[in-house]
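Q: Predicted model follows, preceded by the sequence.
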Amino acid sequence: MKKKLVLLFAVLALVAAACGGDDDATDDSPATTAAPAATEAPATTDAAPAGDSDVTLRWRTRPDNDQEAGVYRSVSESLSGTFGATLEYEAGGTETEGYQQALLTQLSGGTAPDVFWIPGAEIANFASRGVILNARELADAAGHNDADFYPGPMTELTTDPATGAQDAANYLWGLPRDVSAFGLYLNLDLIAEAGAEDPRDLAAAGEWDWDAFRRVSEDLAALGGDVSPYGQSSWWGPIGYWMNAAGGGFYNDAKDQCTLDSTESIAGLQFVTDFYADGLALTFGEDPEPVFKAGNVGMFQNGRWATPGIREVTFNWDVVKLPDGPAGPSNWLFWGAYVINANTEHPEEAWALVQALTSAEVQGQVAELGANIPSRVSQAALDAFLTFTPPENNQAFLDGLSEGPTTEAPDWLGDWPSYSSGLTTEVGAVISGARSVDDFQANICAELGEFVNP
Amino acid sequence: MADRPETISASGSSPPPIKERGAAPQWLMPVIAWQAVLGVAALLGAVLVAAGTLWDLSGLAKWIVAALLLVIAFAAALGVRDLLAGKHRGRAIGIILNYLVVVVSGFAALQNMGVFRGLDALGDNFFNVAWVLVIVAVGWVLATQAERFGGLESKVRLAGRVVAGVGVAWILLGVGLLPGLLEFVVRLVELDVLVPMLVAVAAGVAFWLLRKDEAGFYFKTSRDQAEALDGFLFASPNVIGFLAFFAGPLLFSLYVSFTSWDGLTELQWVGVDNYARIFGLQFTSIDTGQLAADVLKDGYTELMRVGDFIIGARDRLFWVGLRNIVVFGLFAVPLAVMPALALAALLNQKLPGVKFFRAVYFIPSVAGVVGIALIWKQLYNATVGFINYGIVRLWDLINLLPGADFEPPQPEWLSNSRVALFSVVIVFAWQTIGFNTVLYLAGMQGIDSSLYEAASIDGAGKWQTFRKITIPMLRPTTLFVVATTTILALQLFNEPYILFQPQQQPSGPNNATLTPVVQLYQEGFQRFNQGFASALAWVLFAIIFAITIFYFRRQSEDEVGA
């Protein structure tokens, strides 16, 4: 009996202790702390002593690696308490660990964080369902300026979900955490061994186009053995580059019509299909990153996010911008944004947190790790980015962002997840030879058109 | 006493049987009054929920909750009537009803108090002071082993208790007992905590009183009735857990399957449209050179074509996934079962080191599927993976033979649509064989050894013994192994999800590894179609259920035959 009482006491004591663990439970009232007025470095404004706050904000982002998660945690600790809120950082999962699955479940159950990151292409899904806060009034009150950030993402972040048209005066769904673009990671040792022209020199001379790309690839192919001249992943981004660079794309300008079957899109698809058919690329669908890191791929198309992993290789490497297509330079402008949970009890503090997380200072800390490019259009931020080496040629990514990239864009009126999934599968079928280009052109928009304009 | 059951308390003790009911306990009327209050509250709750005033429920959910509250109100009323009449049924209803009220109100109070969210923080804090457990353990060892210290026994025991006590206090303070207690007191006065807490306490007292021996005597509870009540109470944690975390969500998903819910906004009832989309097929003819879109109805896409005959589907991916999972099962189940039987036969031998190998073969079954899939992903890389490297080295050996000059095959395990599904089969079989081996091993060790002795005397060889005795005697085990492996195979998700992402979608190259569960995941969590995903889940459930019934029937027939 005595033991049972002791056990019961211990359990009750732990339950009582758990009461103290939920700091947020008594925070029913909206925050009264004023949002910071400054747009730059709000972390230093209206500072309140750390730990004195009654408001707790939970925030989450998807780091690319453990090191980046550590930086975010450190950022959270340094910002905590500086604008009237104690911060709790939650590192989200990776692409293979269901970041969106967890988020969706928590949003559905009402337990999602106050501020969270979502990929740019998902903004429409969340905004149109009313689960993220339109922060326009908060932003205007805080003196925020949309022009501080890259215009592509800001266009999408200021879109009216009902019409799909930009309405910056009334809408602001969040601020971009960072941006990114594709580059071609080069194995300089292989290129030298093959006696191929250096793509960086070709780019500097303005001669880095698809013909030059194919020439270099053929030289690399001549090395034989296990060497693949080129490798890319098989999701919609790398696929889309070929269509965009040929002057085509996934949608028309109004984004209400499928253009996968346009002459230009098909020209891009035909080029890359022939390129693969001629044995100039690692098999479509194979993960090219370990093969490149093993020294068996000459040119590897990937985003800035791959840089930390590539820094581990032992051969000489650098980066060059993607080759110009028939329609000129092309790239993607990838981005993701910090958004505010529509059900947050502390919208002012949440907005202040979004501002703080997208300040030049914080973006610099994260970008220094190599996986990100600051989303602020600021010469200081860009200059700092160029110093985050290797690779030496960081300018290649900035070129990708400046030379008319296609912005990763949510589909405000259509069904992007279904459309992107379908086009990825079908383009993959064409490149791997399971479907003809002609059949693709004849049927693809009939098959996927319903997702563009349901 | 032979013609009437012995009277017994519900708490299990066996008081002497009584023939006459004694005077009603003093607490009975307050308990009956409490139960009446519960009944009225449930009735009022049902009305308010149905009217939409209480809780913000809509659609079917509103009516389900209202109906549930009505049932509770009816049960409470019935209980009050029977309690007044001194019937055991009233006592049973009272015990069950108050027990459920304690559980629900208690959880509500803890939830409103923030205890469940606080458990996360408690876990973090506990980790910081976990090392103090060593001190507690030292104290506990001293206290329990004090007799070993001879004359110092009492002092050592006391010292041990003090050390353990200090350790426990340290841990409790370290995890935040004092601020927690303070918070507890502060929150206790809040209405949303205080009310459910008081209700839980009142129901707890009523439950305790009705469970007393005194109540058993008064209500003439028989031994069988008491045992039944005790049984229900013992099983209740599991039953409540099942209802709350399995049956409840299951029924909710059935409801969702008739809606177009996206997981975030209001549910919109669409009737059987999700199911119609799943099963919608069109059979028609097509001329040479004609496009599928020309002959198929709007919303239908080409599923397959034979000559001038074409089949269109409203949801082509469902049929692709179904085809994939059937093909997968046809390969994966035999590959996960037959080698397991052979391995079990080997491991059933009395050989040196056999216990070590039993553990080795079981490791894949207990290892995390994510880790396994990531390793296989590396192994499968067509250019730098170890499997293709091994094939090359093997071919090098073969090519040493005179006149041999063969090109080694280099399968593109994960990027070739003809190979990808088979790659998943290998991973699945490799992971499942170990568990199946253990099942077979247990089955083999349950076979009567006299059968083998008799066969040996009759001159049967090892192969004959295996074929004529072991395999037939393992038939029930085989049925179970095949059934569970088939069910596992039909639920395939983790392996393709990890193997193909993020370079590809989990549906693999050209949808080669799309399975019903992969499609369910993509619909539910990537395309925000929770309603359609739920319908897919129920269709898959129906398929698995039918297969399970089939296997169980076979098993029953076998048992009858035996």
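A: Here it is on my side, so go on. Note that this is a predicted model, so its numbers are computed, not measured. Residues are numbered from 1 along each chain as shown, chains lettered A, B, ... in the order given.
Q: Now look at stretch A:336-350 and say if it contacts chain B.
A: No. Stretch A:336-350 lies out of reach of chain B by CB under 8 Å from any CB of the partner chain, never closer than 9.8 Å. Using the backbone N, CA and C atoms, a C-beta is placed for each residue, glycine as well.
Q: Report the buried residues of that stretch.
A: For stretch A:336-350, a neighbour-count test (16 or more other CB atoms under 10 Å in any protein chain shown) marks A:336-342, A:344-350 as buried.
Q: Tell me how far that stretch lies from the chain's centre.
A: In terms of CA atoms, centre = their mean, to the nearest Å, the centre of stretch A:336-350 is set 19 Å apart from its chain centre.
Q: ok, A:Gly224 to chain B distance?
A: Look at A:Gly224 and chain B: by CB to the nearest CB, to the nearest Å, they are 14 Å apart.
Q: oh, I was asking about A:Gly130
A: A:Gly130 is 7 Å from chain B, by CB to the nearest CB.
Q: Now that residue. Its backbone dihedrals?
A: phi 70, psi 20 (degrees, to the nearest 10).
Q: Neighbours of it, how many?
A: 13 (other CB atoms under 10 Å in any protein chain shown).
Q: repeat for B:Trp319
A: 17.
Q: Does it touch B:Ala313 like I think?
A: Yes. At 5.3 Å, B:Trp319 and B:Ala313 qualify as touching, with contact defined as CB atoms under 8 Å.
Q: Now do the shared contacts for these two.
A: Both B:Trp319 and B:Ala313 are contacted by B:Leu303, under the criterion CB atoms under 8 Å, 6 or more residues apart in numbering or on different chains.
Q: residues touching residue 411, list them.
A: Unless you meant another one, I'm taking chain A. A:121, A:124, A:251, A:255, A:419, A:452.
Q: Chain B, not that one
A: Counting by CB under 8 Å, 6+ apart, the residues that B:Pro411 touches are B:382, B:388, B:391, B:419.
Q: Among those, which one sits closest to chain A?
A: B:Ala382 (5.4 Å; CB to the nearest CB).
Q: now the contacts of A:Asp411 as TSV including secondary structure, distance to B:Ala293 and neighbour count?
A: Shown next, in TSV, are those (DSSP: H, G, I helix; E, B strand; the rest coil; distance: CB to CB, whole Å; neighbours: other CB atoms under 10 Å in any protein chain shown):
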residue	secondary structure	distance to B:Ala293	neighbour count
A:Ala121	helix	27	19
A:Ala124	helix	27	22
A:Tyr251	strand	20	19
A:Lys255	coil	22	19
A:Tyr419	helix	17	22
A:Val452	helix	15	23
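Q: closest to A:Pro238 among the residues you listed?
A: A:Ala121 (14.9 Å; CB to CB).
Q: That closest one reaches A:Glu408, doesn't it?
A: Yes. In this structure, A:Ala121 is within contact of A:Glu408 by CB under 8 Å, at 5.5 Å.
Q: who's in contact with the closest residue to A:Asp256 other than its chain neighbours?
A: Nearest residue to A:Asp256 in three dimensions, chain neighbours excluded: A:Asn453, at 4.7 Å (CB to CB, 6 or more residues apart in numbering or on different chains). With contacts defined as CB under 8 Å, 6+ apart, A:Asn453 is in contact with A:256-257, A:413-414.
Q: Who wins on neighbours among the residues you listed?
A: Neighbour max across the contacts of A:Asn453 (other CB under 10 Å) = A:Gly414, 22 neighbours.
Q: mind checking which helix or strand of chain B has the lowest mean pLDDT?
A: Within chain B, no helix or strand scores below helix B:115-129, which has a mean of 76 by mean pLDDT, DSSP states H and E.
Q: helices and strands around it, which ones?
A: When contacts are defined as 3 or more CB pairs under 8 Å, 6 or more residues apart in numbering or on different chains; DSSP states H and E, helix B:115-129 packs onto helix A:2-21, helix B:153-174.
Q: C-terminal to the shortest one, what's the next element?
A: Toward the C-terminus, helix A:2-21 is succeeded by strand A:56-61 as the next helix or strand (DSSP states H and E).
Q: Dump the contacts of B:Pro411 into TSV; add distance to chain A and pLDDT as well.
A: Below are these laid out as TSV (distance: CB to the nearest CB, whole Å; pLDDT from 0 to 100):
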residue	distance to chain A	pLDDT
B:Ala382	5	87
B:Asn388	10	92
B:Ile391	13	93
B:Val419	11	92
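Q: Now restrict the residues you listed to buried residues only.
A: Buried, going by 16+ other CB under 10 Å: B:382, B:388, B:419, out of those.
Q: in what helix or strand does B:Gly271 lie?
A: Using DSSP H and E, B:Gly271 falls outside every helix and strand.
Q: how far is stretch B:282-302 from where the chain is centred?
A: Using CA atoms, centre = their mean, the offset of stretch B:282-302 from its chain centre is 43 Å.
Q: near chain A at all, that stretch?
A: Yes. Using CB under 8 Å from any CB, stretch B:282-302 reaches chain A at B:291-293, B:299, B:301.
Q: Dump the least confident helix or strand of chain B to CSV, restricted to CA.
A: Backbone C-alpha positions of helix B:115-129 (Å, rounded to 0.1, in the frame of the first residue of the first chain) are rendered in CSV as follows:
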residue,chain,number,x,y,z
VAL,B,115,-0.9,18.8,-19.2
PHE,B,116,-0.6,16.9,-22.5
ARG,B,117,1.3,19.7,-24.2
GLY,B,118,3.3,20.1,-21.1
LEU,B,119,4.4,16.5,-21.3
ASP,B,120,6.7,17.5,-24.2
ALA,B,121,8.5,20.0,-22.0
LEU,B,122,8.5,17.6,-19.1
GLY,B,123,10.3,15.1,-21.4
ASP,B,124,12.9,17.6,-22.2
ASN,B,125,13.4,18.6,-18.6
PHE,B,126,13.5,15.0,-17.5
PHE,B,127,16.3,14.3,-20.0
ASN,B,128,18.3,17.0,-18.2
VAL,B,129,18.0,15.3,-14.8
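Q: between that helix and helix B:153-174, how many degrees?
A: 120 degrees (axes from the mean of the first three to the mean of the last three CA atoms, to 10 degrees).
Q: List the buried residues in helix B:115-129.
A: B:115, B:117-119, B:121-122, B:125-126.
Q: Helix or strand next in line after it, which one?
A: Following helix B:115-129 in sequence, per DSSP H and E, is helix B:132-144.
Q: where does the stretch 101-250 of chain B have low pLDDT?
A: Along the stretch 101-250 of chain B, no part satisfies pLDDT under 70.
Q: Which parts of chain A belong to which domain?
A: A:2-180+A:334-402, A:182-332+A:415-451 (automatic domain parsing).
Q: Quote the end-to-end distance of the last one.
A: With CA to CA, to the nearest Å applied, domain A:182-332+A:415-451 spans 26 Å between its terminal residues.
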